[in-house]
Every structure is written in structure tokens, then in C-alpha cells.
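Asks: Let's see this in three dimensions:
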Amino acid sequence: MIKDEYNVIGVMSGTSLDGIDLVYATFSYNDGWDFKILNAETVAYSSYWYTVLKDLISKSLDELKNIDLDYTAYLGVVIQNFITKHQISTIDAVCSHGHTALHQPEHKLTYQIGNLPVLADILKETVVCDFRVQDVELGGQGAPLVPIGDQLLFSQYDYCLNLGGFANISMELDGARIAYDVCPVNIVLNKYAKQLGFDYDDGGQIAASGSELLALGNLLNALEFYKAKPPKSLGLEWVNKNIFPLLDAAKLEEKDVLKTFSNHIAHQIAWVLKKDSKVLVTGGGAYNDYIISKIKLNKQVDIIIPEPELVEFKEALIFAFLGILKLRNEVNCLNSVTGAMKNHSSGKIFLP
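Replies: Alright, predicted model coming up:
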């Protein structure tokens, strides 16, 4: 489907479990890509779905397949409600990431629920989804996938940094796009904020009030992942194995865990940035004033936090864009980023 303009819906559910992000956007091509977000919304998860999704990695494959059926149906309702609410009538495709249940690329395994063919039947629309599986089959990490969007939509910045469940970064290096996961962010911070009765650490205020345990910070910074060269990616399994045991063994108050880990995040991010570079920061962590200030303290950089719509919906926007590239049979997955054997056009197209 090659044309100059596309109207698409992008759908993203991330590891921080904030909810389902939906955008309706127009993309146009004229010697380069432009976009305009027309509608955007986050649908928070009910306590039921929050609990189910939080425990996915403990489920068997058969259990995941049953959850997948239910989640795909639920996702269909959420997307249909979005279409109805905003009176959207022109849709070239619904482009959905789904929700990651398993991500173990070293075992050639990645599984995102919510990507079943029935989604196209529920919506009566073309659906483009399941963007990670092919990359893993080709020897790649299956992540991150956003960098092709960074390259084609946000090339005016030296770095694109997303602070979501994990921090991931992309940049041009020696004529190729390079991107990787830097460290965990909200997937860790939100856990300890919730223990204090908050959904998240608003602005990093709790962290700011805590005390740092330098010995714990040193243990975190010494983890092998940080010494590995890209391509590399992180998942909840890695956090459960490497991060939570260290934090819990320290037996600190939550505010001190938040302070120590927030400083760790800032340290790891500043380490990969070059001095005086322009850094576009998006994702929920862009609102964490404490972490942003610590990054600036660690490295002299120009941090640009765009309008809230882009901060909160950039990933959903780019998954919409990945779907367009798939419809055009154009590269949407870069081997310089994921380590796959070749660049490729990833995703599955389901027709109603």
C-alpha cells in the first residue's frame, strides 16, 4: 500500500503497566516523513488486568495462550471505544505492539499478547502487529524497535532517549543507527513507590527526600549488562534476577531505595551521552525532575522535553509508523540496532 498520506491508529502497552496508549495520527511523505497527532489517550488498566499482566512471566505457555485470547478481545474493545469516542472514520490500519509476556531473545523467544488475527475481525480494520518475532527469528534482540522512527521522524536530535519501564536510547554512529536499552527505570521505581501507596514517584520528590547508599549504587553500576556493548536489551526477567535482589537485600526504606536507584539511572544515562549534545527525552520519566536534574549534573547536555502529547505518546506514534512501513514493505527494523542478520520489514498484516 504505497501512497503519500496515511491515517493510522498506533497502540502501545509498555512494561511500566501505566495503561494502553492510543494515538490517531496522519503521516505524510514528501521527500521525508511528517506526522500530526490528531487524537491521543491512555486507558488505565483495571486492577484485574494490572495483576494479570504483572504476573505474566510466571505463567506457562498454555496459560499465556488463554490470557492472549482474553487480552486480544479486551484490546479490541479498548481500540473500538477509542475510535467511537473520537468519531474516527478514516483508518488505513490499526498498528499495535501488544503487551510483552516473554522476552528472551537469547533463547529465540519473544511473545507479545494481543496480536491474534481475531483483532482485525473485532475491529473490522486492517491490523499490523507482532513486530518483534521476525527479528528474533533472524538472530536479533527484537528490541528496541523505535529507532527507525527516531531516524526518520526526529533526525534533528543527537539522541532520542525514552524513559519508560526501561531507558532506551538511539543515535547515529558512523553512518548507522545504533540503539539499545540503557537501564531499568519505571519498572523499578514504580514498585517502591507503590509500597508507599503511590502509583509512581511524582517528579522524583520521594527520591529527592531520601538518602543514597553509595555501596548499593556501586553494586548496581558494576552489573555485567552495563559493560556489554550494544546491541543489547532488557526485560522484566533480568530485573527480577539482577536488580530486585540487590535492592531488597539492602533493607532500606523505600525513599532511600528510590534515591539510590534514581541516581543509578542518571549515572548510566549520563555515561552514554556526549557533552553538549541535543537530547530529546520522552516517556513518563521525562516528568521526573529529580532524574533529569541529575543527568544534567552528571553531563553538560541540552535536554529537550517536548509537548506532553509527544512525551506520553511517542512510542505509540512510532508503532503506528512501523505499521505504515510494513504496509509499504519498507524496512522498519534495523540490524544495526537489534543485531539481526539483515534489515527487514517486520510485523504481521491481518485483514478483517
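Asks: which residues touch Gly19?
Replies: Contact partners of Gly19, counting by C-beta atoms under 8 Å, 6 or more residues apart in numbering, are Ser13, Thr42, Val43, Ala44, Tyr45. Yep, even glycine has a C-beta here, placed from its N, CA and C like the rest.
Asks: For the first one, give me phi and psi.
Replies: The main-chain torsion angles of Ser13 are listed as degrees, to the nearest 10 and equal phi -130, psi 120.
Asks: The last one now?
Replies: Geometry field for Tyr45 lists phi and psi as phi -80, psi 140, criterion degrees, to the nearest 10.
Asks: one step back: so which of the contacts of Gly19 is the most crowded?
Replies: Within the contacts of Gly19, most neighbours by other C-beta atoms under 10 Å means Ser13, with 29 neighbours.
Asks: related to what we said a few turns ago, from the contacts of Gly19, pick the one nearest Phe154.
Replies: Closest approach between the contacts of Gly19 and Phe154, by C-beta to C-beta: Thr42, at 21.1 Å.
Asks: how near is the closest one to Gln156?
Replies: Distance, Thr42 to Gln156, using C-beta to C-beta, to the nearest Å: 26 Å.
Asks: From Asp121, how far off is Phe350?
Replies: For Phe350, the distance to Asp121 equals 8 Å [C-beta to C-beta].
Asks: So these two - more neighbours on which side?
Replies: Using other C-beta under 10 Å as the criterion, Phe350 and Asp121 rank with Phe350 on top: 20 against 14.
Asks: picking that back up, may I see the contacts of Gly19 organised as CSV, with pLDDT and distance to Glu309 added?
Replies: Converted to CSV, the contacts of Gly19 look like this (pLDDT from 0 to 100; distance: C-beta to C-beta, whole Å):
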residue, pLDDT, distance to Glu309
Ser13, 95, 18
Thr42, 96, 11
Val43, 98, 16
Ala44, 96, 18
Tyr45, 97, 21
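Asks: and the two most separated of those residues?
Replies: Going by C-beta to C-beta, the pair spanning the contacts of Gly19 furthest: Ser13 and Ala44, at 11.2 Å.
Asks: Next, the contact list for Leu317, please.
Replies: If you count contacts by C-beta under 8 Å, 6+ apart, Leu317 has them with Gly10, Val23, Ala25, Phe35, Ile37, Gly149, Leu310.
Asks: tell me which element it is part of?
Replies: Take DSSP states H and E as the rule and Leu317 turns out to sit in helix 308-327.
Asks: Any buried residues in stretch 170-186, and which?
Replies: For stretch 170-186, burial by neighbour count (16 or more other C-beta atoms under 10 Å) applies to 170-172, 177-186.
Asks: Let's verify the residue nearest to Leu38 when sequence neighbours are not counted: helix, strand, or coil?
Replies: Once flanking residues are discounted, Leu38 sits nearest to Tyr24: 4.9 Å by C-beta to C-beta, 6 or more residues apart in numbering. Look at Tyr24: counting by DSSP: H, G, I helix; E, B strand; the rest coil, its state is strand.
Asks: Might you report the residue contacts of Tyr24?
Replies: Neighbours of Tyr24 in contact, by C-beta under 8 Å, 6+ apart: Asn7, Val8, Ile9, Ile37, Leu38, Asn39, Ala40, Phe82, His86, Ile88.
Asks: at 7 Å instead, please
Replies: Ile9, Leu38, Asn39, His86, Ile88 (C-beta atoms under 7 Å, 6 or more residues apart in numbering).
Asks: Any idea how many residues pack against the fourth one?
Replies: Taking other C-beta under 10 Å as the criterion, the count of residues near His86 is 15.
Asks: can I assume it is in contact with Asn39?
Replies: Yes - applying C-beta atoms under 7 Å, one finds His86 in contact with Asn39, separated by 4.3 Å.
Asks: which residues in the protein form helices?
Replies: Secondary structure of the chain (DSSP state H): helices located at 47-54, 61-85, 118-123, 133-137, 147-153, 186-194, 205-209, 214-221, 236-242, 244-249, 254-272, 289-298, 308-327, 335-338.
Asks: Tabulate those in CSV, adding columns for distance to His97 and mean pLDDT.
Replies: Listed next are those as CSV, based on distance: least, C-beta to C-beta, whole Å; pLDDT from 0 to 100:
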stretch, distance to His97, mean pLDDT
helix 47-54, 13, 96
helix 61-85, 10, 97
helix 118-123, 12, 98
helix 133-137, 12, 96
helix 147-153, 12, 97
helix 186-194, 16, 96
helix 205-209, 29, 98
helix 214-221, 28, 98
helix 236-242, 16, 94
helix 244-249, 25, 98
helix 254-272, 23, 98
helix 289-298, 25, 98
helix 308-327, 5, 97
helix 335-338, 15, 92
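Asks: Compare those helices and give me the one nearest Lys108.
Replies: The closest of these to Lys108 is helix 133-137. By C-beta to C-beta, the value is 5.8 Å.
Asks: Please point out which parts of that closest one sit buried.
Replies: Of the residues in helix 133-137, Val133, Gln134, Asp135, Val136 count as buried by neighbour count, 16+ other C-beta under 10 Å.
Asks: any chance of the helices of the chain in TSV, plus distance to Lys278?
Replies: Putting the helices of the chain into TSV (distance: least, C-beta to C-beta, whole Å) gives the following:
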stretch	distance to Lys278
helix 47-54	35
helix 61-85	33
helix 118-123	38
helix 133-137	28
helix 147-153	13
helix 186-194	24
helix 205-209	26
helix 214-221	26
helix 236-242	30
helix 244-249	33
helix 254-272	15
helix 289-298	13
helix 308-327	15
helix 335-338	20
